[in-house]
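Participant: Pasting the sequence and the predicted model now:
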Amino acid sequence: METMNNVFELLRMSRDAYVRLTAQFRARRWLKDSKHISVEEKLAIYLFIIGGNQRYSAVKDRFQHSTETINKVFYEVSDAMLEFVKEVIVPTSFSPSLDISGTNRMFDLQKVFKGAVGALDGILIHAVIPADKQHLFKRSDNGKCCQNVLAICDFNMVFTFILAGWEGIADDSQVLSTAISDSDFELLFPPPDKYYLCDTAFRHTRGFMTPYRNVRYSLGGYLDSRATNKKEEFNHAHGKLRNVIECAFGVLKARFPVLMKMISVPFIKQRDIVISCFAIHNFIRTENISDKWFAEYEQEIIFDDKNEYEDDDKDGEDCESEQEDDEEYDDPEDQQFMAKLREDRQFMVNLREEIAGRLMQDRESML
């Protein structure tokens, strides 16, 4: 019999989580017993592969099945996982509970950012790519092939949206624009009074709130020196709340090393593995299962950004938006579109100013 620790290391989850997961796959008939392999063993094989980035030879030795059988099981479970994903990665209701991981201070911050329904960001996942396509996936900053994944999570580290499989060189804002414009991706645009928190890789416009540019943002930058004005106060608070998605990414990568060193399978299956990891993450979180990685990362952890300041544009705040807004268009439809763009942007500029002022007032009232 496996000890509890051995099961945890083998499957990257507790025995309780594994039992509940297999029970759900049985109940929903996403997997069935075959002549020689049970549902439980099929899931164990799959989890062993993605949890430890295991080669088929290691899986074959561990489970005593042929390479052909291991491969068949892997693809069978991978397909079943796509049905599982539909049930555990679901859009936000836009009426989230104020229950939030972390301290009372975090709870107070969410009441100030009362329209915030989650955090949005991109994450780079290692990818194994044929030589003739590596130029589309290889990052200039680290020289590695990656797929770009866009994700949204709520304030309980539960992912409510994921778009995987983009080339590593794709810009985060480009991925988001496609997700918004293409109904196939099922990204729910927030209602007028709601928004996602994101960094300045994205546009500051209705539905998406970014920090002030050229203002201190990295949480590490506030360890020894507190905010000195309302813009810094806003950026510090924004960073604390948005940090939830960095924590969620931290849990993912700690649990699934395959995300940092992908196994050699066709790219579409690499994409499916990534989505499966997000789904299993959500299952463990929403089932309220005791988990060492969530216990570690749900604390208020500081993730230092590469730069202390959010962006380094010399022309000032939101300069790229202003340049686009100032362009002249002859077509009436283009003019109408740009007018709506300016209106949406100004709405969020005003809202950010309002929140920054309130945060500063709250701070001064406590002095």
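Facilitator: Cool, the structure landed.

Participant: Which segments of the protein make up each domain?
Facilitator: Using automatic domain parsing, the domain parsing of the chain gives 4-88, 90-267+290-367.

Participant: closest to Ala279 out of these?
Facilitator: Among those, domain 4-88 comes nearest to Ala279, with 4.5 Å by CB to CB. In this view, the C-beta of every residue, glycine as well, is placed from N, C-alpha and C.

Participant: re the thing from before, lowest-confidence stretch among the domains of the chain?
Facilitator: Mean pLDDT is lowest for domain 90-267+290-367 out of those, coming in at a mean of 82.

Participant: Do a quick rundown of the helices in the stretch 1-150 of the chain.
Facilitator: 4-11, 15-27, 39-52, 56-63, 67-88, 104-112, 134-137 (DSSP state H, counting those that start in this stretch).

Participant: out of the ones you listed, deepest packed?
Facilitator: Burial of the helices of the stretch 1-150 of the chain is given as mean neighbour count (mean count of other CB atoms under 10 Å); helix 39-52 ranks first at a mean of 21.

Participant: which helices and strands does it pack with?
Facilitator: Packing contacts for helix 39-52, counted by 3 or more CB pairs under 8 Å, 6 or more residues apart in numbering; DSSP states H and E, involve helix 4-11, helix 15-27, helix 56-63, helix 67-88, helix 267-286.

Participant: chain center to it: distance?
Facilitator: Its chain's C-alpha centre and that of helix 39-52 lie 23 Å apart, by CA atoms, centre = their mean, to the nearest Å.

Participant: residues in contact with the residue positioned nearest the centre of the chain?
Facilitator: Residue closest to the mean C-alpha point of the chain, counted by CA atoms, centre = their mean, is Ala151 at 3.6 Å. Ala151 makes contacts with Leu120, Asp121, Gly122, Ile123, Phe159, Phe161, Ile162, Leu163, Ile245, Ala248, Phe249, Phe278, as judged by CB atoms under 8 Å, 6 or more residues apart in numbering.

Participant: Please convert the buried members of those residues into ChimeraX selection syntax.
Facilitator: In ChimeraX syntax, the buried subset of those is picked out as below (16 or more other CB atoms under 10 Å):
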select :120,121,122,123,159,161,162,163,245,248,249,278
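
Participant: Spatially nearest residue to Glu167, not counting backbone neighbours?
Facilitator: Leaving out its chain neighbours, the residue that sits closest to Glu167 by CB to CB, 6 or more residues apart in numbering is Leu136, at 4.4 Å.

Participant: Okay, buried residues for the strand or helix carrying Ala339 please.
Facilitator: In the assignment (DSSP states H and E), Ala339 maps to helix 332-365. When burial is assessed from 16+ other CB under 10 Å, helix 332-365 yields the following buried residues: 338, 341-342, 344-345, 348, 351-352, 355-356, 358-360.

Participant: What separation do you get for Met360 and Asn243?
Facilitator: 21 Å (CB to CB, to the nearest Å).

Participant: for Leu31, same thing?
Facilitator: Distance, Leu31 to Asn243, by CB to CB: 36 Å.

Participant: Which of the two has more residues huddled nearby?
Facilitator: Leu31 (25 against 20; other CB atoms under 10 Å).

Participant: Export stretch 228-240 to PDB, keeping only CA atoms.
Facilitator: Extracted in PDB, the C-alpha atoms of stretch 228-240 (Å, rounded to 0.1, in the frame of the first residue of the first chain):
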ATOM      1  CA  THR A 228       3.600  59.100  -0.500                       C
ATOM      2  CA  ASN A 229       0.600  60.200  -2.600                       C
ATOM      3  CA  LYS A 230      -2.800  59.000  -3.900                       C
ATOM      4  CA  LYS A 231      -1.400  57.400  -7.100                       C
ATOM      5  CA  GLU A 232       1.100  55.300  -5.100                       C
ATOM      6  CA  GLU A 233      -1.600  54.500  -2.600                       C
ATOM      7  CA  PHE A 234      -3.800  53.300  -5.400                       C
ATOM      8  CA  ASN A 235      -1.000  51.300  -7.100                       C
ATOM      9  CA  HIS A 236      -0.100  49.600  -3.900                       C
ATOM     10  CA  ALA A 237      -3.700  48.600  -3.200                       C
ATOM     11  CA  HIS A 238      -4.300  47.500  -6.800                       C
ATOM     12  CA  GLY A 239      -1.100  45.400  -6.700                       C
ATOM     13  CA  LYS A 240      -2.200  43.700  -3.500                       C
END
